[in-house]
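Student: fold the stuff below for me.
(chains A and B)
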Amino acid sequence: MKVPILTLAAVLLAGAAAAGGVFPYQHQVQRLDNGLSVILIPLPSPGLVAYYSVVRTGSRDEVEPGHSGFAHFFEHMMFRGTEKVPGAVYDQMMTAMGADANAYTTDDYTCFHLNVATADLPKVIELEADRFQNLSYSEADFQTESGAVYGEYRKGRTSPFEVLFEALQDKAFDVHTYKHTVIGFEKDVAAMPTMYEYSKSFFKRFYRPENVVVMVAGDFDQARTMELIKQQYGGWKPGYVAPAVEQEPEQKAERRVDIAYDGRTLPILAVAWKGVRFDPAAKDTAAGMLLAELAFGETSDAYRQLVLEQRSAQRLMADFGFNRDPNLWAVIAMVAKEQEIPAVQAAIGAAVARFQAAPPDPAKLDALKRRVRYSFLMAMDTPNNTAGHLARYVALTGGIEAVDRLFATVDAIQPQDVQAAAKRLLTPERRTVAVLRGVAR
Amino acid sequence: MSAKARPSATAAGAMMMAMFLASAGDARAQGEAAKPTQLPNAPVLLPVAADPTVSFRIAFTVGAQDDPAGKEGLAYLTGALMAEGATAKHTYPEILDLLYPMAAEYDVRVDKEVTTFSGRVHKDNLDAYTTLLLEAVMQPAFAETDFARVKQRTVDFIEKTLRYASDEELGKAALYNTVFAGTPYGHLNVGTVAGLKAITLEDVKAFYRSHFTRDAAVLALGGGYDAALVGRMQRALAQLPAGQPAPVAAPQVKAIAGRQVVLVAKPGPATAISFGLPIAVRRGSRDFYALWIANSWLGEHRNSASHLYQVIREARGMNYGDYSYIEVFPEGGRREFPPTGVSRRQQLFEVWVRPVPNAQAHFALRAAVREVEKLAADGLSEEQFKLTRDFVVKYSLHFAETTFDRLGYALDDRFYGVAAPGDLANFREIVPTVTRDEVNAAVRKYIKPEAMVIAVVSEDADKLAAALAADTPSPITYSTPKPPQLLEEDKTIAAYPLHVSAGSVHVVPVDQMFAK
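Tutor: Alright, predicted model coming up:
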């Protein structure tokens, strides 16, 4: 068998981008009549192609009570086959292709991805189009898969971070579905075997062309691929029903939750604020992302003080991430000793206060802007990495134009914009503090 | 494991080390001049002219196996401090500031036999990055404050994270430490709690001087570098002190007497299971690729094609996944494809059963052992063989899609003495020529499941120990309906003999794990 050896994407950063944009590859976007979006990104990767199906549904869309974790569970069911290609046959075909095939679920989307040889692309299009339109499984298979999902829940429970986030989100949100984690509450996971009928309605409502984006990256013939996609997906009937996700009312006062972890761990402190909805053109989105790094990243004063000098925190991380609705912007510290929790919390508060009182050093902001840009571009090296890094933008906005928009917004951010975001958004009323402690039996 | 299957440690080991440190010929002669300008060992080079980034790896033949007794963790602390500490030129915070706008870093992996520094940078930042990397390797300051930080973090990692926050990693570590007990592989790469606490900063400095020598170093560069960079790196690294630390003999694994069980007692709702046995097969040989095919069929990592996965997860819904390995595979929960920089002269055949409910632990272990025994007895059918062989040829395309990853494979080739075109290419060139007979012969030769170590992490340790010793039947019940033929097979599994004797089951409280 002759299989080509990949050489690294050579045009990376080499100026193939559309004028002014940061995204390094030419690309083609089409929306089919039934609403399915198709993004084709040719890049030099001889013989390899990544095929991504991004369903714009995640744990955020689990609006019915008792169904937390269902989007993730449903991701598992997507591997159970169709009448034409039963699950076992699908698995065997993936094996025959040597496909690197998997899926994951997040708060805002579910992503199915395959990394295959270009020669197998037509077959992949046929198989993916089939399972997205004609998924079919028995109640027994459904119930068996629920056991695997419960196993995944159990696997995660040994991590104190999973326990922390479950309690933190539950405390911070009253009505929005960000109240639960992606894996879901245990009682809902345990009840999954009884939800066969519900699962069929879930597929009918969410697995529809208007709610899905197909992204192909790598070495392939664009015209032929688009034609095949139209052929295979063209008959897919629209019918997406957007869930009524209840918006969280403005938080009025600080919240606090203490969490007992069944095992030994260093204490973990989380200080989290309600963030903003992702909007690549909005200053708050870009300023928030930059603020997290400036205030708590590896070169921040807080990191230097807490982790490197005083060593009262063993780890300090901040993620002011991108979400469809305002989710938590969290600073997480693994605290070295129980009695140092108040001091670490005070230091995090002081760091916020510094950014509220004065704009950041322009040189530091410039260094961060360069870092963000290099970091994005260096990640765009293989078809799989490229599509993988774009998936969240695709899920949040339906396309990849958001990347260039966001970088343009980042470029325009001034020190006072960072200060303004800190002042307006990182207030005590918008804050939830969680402390997790180990209690070994 | 029989004495016959045991690798002849010293001879093979010395040969392998010699191959890793392949002489650069003329370079060695020059190296004897007053001021050497090249490393004695030829560099590993993977040029990709159009690549706008450069990938770096600097490997030293030093690792956890070189830790002195009572100072377990010394190699790790030394490597970690070089990568995460001050240099003669900059404090660690200054280094972070300098690397920050490049979105670059240098990382270290300290494994049993090899320590590798690695990083990747855009050519725009090449000069500044190279300077920082070389300072880290050549002029580490070993500052007291960095030492205290890294040491405490490492102790906490063992005492808190490994013991309590990841039962799966705990189970795997228990397996390795039991199989290799009494050998230089017998402790974690990061050391032991007592060993780490006993290490002083002076120990680190002395270890650096004696082990991070130019004779132990191999430089690897990939991507869009030019000859000037090779020259600069070579000239700089050639200034490291000369000398080759005393070679460490490959681990002489004690023959495992039947089924040995280590049960780590730790509270929790689920049970983690790993089991395995030493195998004397290494990359590059036809046996290796033959065994790879059999193992891929049995338990390809994170792949639903895995037979164990089909039996335990897909048909029975007992857990999240079930895999097997013929080379060490650290960070299995976080990575999809095999890592590099973990080259070892002695490997295990290893099965990983992800956490199952406590009540199903005995059944799950029986199911997994039974499948391994079936493979050992029957080998692969023609259909299974063909499908898996073709799968491996194509799937291996994903092992190293970037130059950075391929550079890691090229360094590993040097360690294992895999001839050009190397291990990755062998998956495309040797694997398609491997026959079913070779696969099944390799299985018979290496997979001898009658003697192996079983490591289990469970809060029901005492109860499970008694049940294992008595071979008590372990019927399984499901909350959901299952087909009749599966229920029939379950009866066989529930009574499947594991041949564990009472004297070969050892219960260890979790807080004693990795203590010393």
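Student: residues contacting residue 232?
Tutor: Reading this off chain A. Residue A:232 makes contact with A:125, A:126, A:128, A:129, A:130, according to Cβ atoms under 8 Å, 6 or more residues apart in numbering or on different chains. Glycine gets a C-beta too; all of them are placed from N, C-alpha and C.
Student: that was the other one, I meant chain B.
Tutor: Taking Cβ under 8 Å, 6+ apart, we find residue B:232 in contact with residue B:130.
Student: backbone dihedrals for it, please?
Tutor: With angles defined as degrees, to the nearest 10, residue B:232 shows backbone torsions of phi -60, psi -50.
Student: in helices, which of the contacts of residue A:232 appear?
Tutor: Among those, the ones falling in helices (DSSP state H) are A:125, A:126, A:128, A:129, A:130.
Student: now distance to residue B:318 too, for those, in JSON lines please.
Tutor: As requested, those are exported to JSON lines (distance: Cβ to Cβ, whole Å):
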{"residue": "A:125", "distance to residue B:318": "34"}
{"residue": "A:126", "distance to residue B:318": "33"}
{"residue": "A:128", "distance to residue B:318": "29"}
{"residue": "A:129", "distance to residue B:318": "32"}
{"residue": "A:130", "distance to residue B:318": "29"}
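Student: from these, which is closest to chain B?
Tutor: Among the ones in helices among the contacts of residue A:232, residue A:128 lies closest to chain B (Cβ to the nearest Cβ), at 15.8 Å.
Student: these two touch, right, that closest one and residue A:53?
Tutor: Yes. Here residue A:128 reaches residue A:53: they are 5.9 Å apart, a contact under Cβ atoms under 8 Å.
Student: what touches both of these two?
Tutor: Counting by Cβ under 8 Å, 6+ apart, the contacts common to residue A:128 and residue A:53 are A:112, A:214.
Student: can I get the ones in helices among the contacts of residue A:232 in a markdown table including distance to chain B?
Tutor: Conversion of the ones in helices among the contacts of residue A:232 to a markdown table gives the following (distance: Cβ to the nearest Cβ, whole Å):
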| residue | distance to chain B |
| --- | --- |
| A:125 | 18 |
| A:126 | 18 |
| A:128 | 16 |
| A:129 | 20 |
| A:130 | 17 |
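Student: tell me the buried residues within the residues you listed.
Tutor: A:125, A:128, A:129, A:130 (16 or more other Cβ atoms under 10 Å in any protein chain shown).
Student: now the helix or strand of chain A with the lowest mean pLDDT: buried residues?
Tutor: Lowest on mean pLDDT, DSSP states H and E among the helices and strands of chain A sits helix A:139-157, with a mean of 85. Residues of helix A:139-157 classed as buried by neighbour count (16+ other Cβ under 10 Å): A:141-157.
Student: ok, stretch B:271-281 next?
Tutor: For stretch B:271-281, by 16+ other Cβ under 10 Å, it's B:271, B:272, B:273, B:274, B:275, B:276, B:277, B:278, B:279, B:280, B:281.
Student: residue contacts, the second one?
Tutor: This means residue B:272. Contact analysis of residue B:272 by Cβ under 8 Å, 6+ apart lists B:167, B:168, B:170, B:171, B:353, B:354, B:355, B:456, B:457, B:458.
Student: out of those residues, which is nearest to residue B:191?
Tutor: Minimum distance to residue B:191 across the contacts of residue B:272 is 16.0 Å, recorded for residue B:170 (Cβ to Cβ).
Student: okay, that closest one: pLDDT?
Tutor: Listed pLDDT for residue B:170 reads 96.
Student: and after the strand or helix carrying it, which helix or strand comes next?
Tutor: Under the criterion of DSSP states H and E, residue B:170 resides in helix B:167-179. Next helix or strand after helix B:167-179 toward the C-terminus (DSSP H and E): helix B:193-198.
Student: all strands of the stretch 251-400 of chain A, in order?
Tutor: When secondary structure is read from DSSP state E, counting those that start in this stretch, the stretch 251-400 of chain A shows strands at A:255-261, A:268-274, A:313-319, A:328-335.
Student: dump these into JSON lines; add mean pLDDT as well.
Tutor: Converted to JSON lines, the strands of the stretch 251-400 of chain A look like this (pLDDT from 0 to 100):
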{"stretch": "strand A:255-261", "mean pLDDT": "96"}
{"stretch": "strand A:268-274", "mean pLDDT": "98"}
{"stretch": "strand A:313-319", "mean pLDDT": "94"}
{"stretch": "strand A:328-335", "mean pLDDT": "97"}
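Student: and those strands: which comes nearest chain B?
Tutor: Closest approach to chain B among the strands of the stretch 251-400 of chain A (Cβ to the nearest Cβ): strand A:313-319, 5.4 Å.
Student: check which helices and strands the helix or strand where residue B:352 lies sits against.
Tutor: Following DSSP H and E, one finds residue B:352 within strand B:347-357. Applying 3 or more Cβ pairs under 8 Å, 6 or more residues apart in numbering or on different chains; DSSP states H and E, we find strand B:347-357 packed against helix A:139-157, helix B:167-179, strand B:270-279, helix B:286-299, strand B:322-325, helix B:361-378.
Student: could you dump that strand to PDB, C-alpha only?
Tutor: The C-alpha trace of strand B:347-357 is given here as PDB (Å, rounded to 0.1, in the frame of the first residue of the first chain):
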ATOM      1  CA  GLN B 347       8.700  -2.600  28.100                       C
ATOM      2  CA  LEU B 348       5.500  -4.100  29.400                       C
ATOM      3  CA  PHE B 349       2.500  -5.600  27.600                       C
ATOM      4  CA  GLU B 350      -0.200  -3.700  29.500                       C
ATOM      5  CA  VAL B 351      -4.000  -3.700  29.700                       C
ATOM      6  CA  TRP B 352      -5.900  -0.600  30.900                       C
ATOM      7  CA  VAL B 353      -9.500  -1.100  32.100                       C
ATOM      8  CA  ARG B 354     -11.000   2.300  32.800                       C
ATOM      9  CA  PRO B 355     -12.900   2.600  36.100                       C
ATOM     10  CA  VAL B 356     -15.900   0.300  36.600                       C
ATOM     11  CA  PRO B 357     -18.400   0.300  39.400                       C
END
